[in-house]
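Engineer: build the 3D model from these lines:
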Amino acid sequence: QVQLVESGGGLVQAGGSLRLSCAASRSIFSMGWYRQAPGKQRELVASIRTGGSTNYADSVKGRFTISKDNAKNTVYLQMNSLKPEDTAVYYCAAGWTVRLSSTPDYWGQGTQVTVSS
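Structural biologist: Predicted structure coming up:
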């Protein structure tokens with residue numbers, strides 16, 4: 001079993017920045033972030049493999065950066081130029097697949113990100 005502990009959500013004005021962190025209780029192959037806005041399906045925001053290759057949703061490319069500290073088993077999501085449409089609950093996810101699947105093995109508790117206009 002792997003526990004994921006998230007931190008870093010909050011309220012920010014449009015154009016601002018936030019950084020999310022997610023610490024895993026042990027090393028795992030793939031990690032990433034999903035988000036779910038009210039009335040919408042959960043969607044993949046970004047993922048990263050142990051080797052460092054990354055994947056982003058088109059809506060966040062150029063604004064969000066995912067990174068990982070393998071020594072700390074911690075993944076980060078730096079979110080810049082935030083927009084009101086980025087408002088959602090952000091969930092850390094992790095899995096034993098090389099690339100994070102649509103059904104990750106583990107989920108964090110979720111952290112609220114609210115972007116005001």
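Engineer: just say helix, strand or coil for the residue sitting nearest the centre point of the chain.
Structural biologist: Note on the chain: the residue nearest the mean C-alpha position is W33, at 2.4 Å, using CA atoms, centre = their mean. Of the three states, W33 takes strand under DSSP: H, G, I helix; E, B strand; the rest coil.
Engineer: also G51?
Structural biologist: Here G51 is recorded as coil under three-state DSSP.
Engineer: quick one: pLDDT of it?
Structural biologist: Looking at G51, its pLDDT is 85.
Engineer: how many neighbours does it have?
Structural biologist: For G51, the neighbour count with other CB atoms under 10 Å is 9. (Each C-beta comes from the backbone N, C-alpha and C, glycine too.)
Engineer: pull the strand or helix carrying V115 out as PDB, backbone CA atoms only.
Structural biologist: Assigned by DSSP states H and E, V115 belongs to strand 111-116. This file holds the C-alpha atoms of strand 111-116, laid out as PDB (Å, rounded to 0.1, in the frame of the first residue of the first chain):
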ATOM      1  CA  THR A 111      -6.700  19.600  -2.500                       C
ATOM      2  CA  GLN A 112      -8.800  22.600  -3.600                       C
ATOM      3  CA  VAL A 113      -7.500  25.100  -6.000                       C
ATOM      4  CA  THR A 114      -9.700  28.200  -6.600                       C
ATOM      5  CA  VAL A 115      -8.800  30.900  -9.100                       C
ATOM      6  CA  SER A 116     -10.700  34.100  -8.900                       C
END
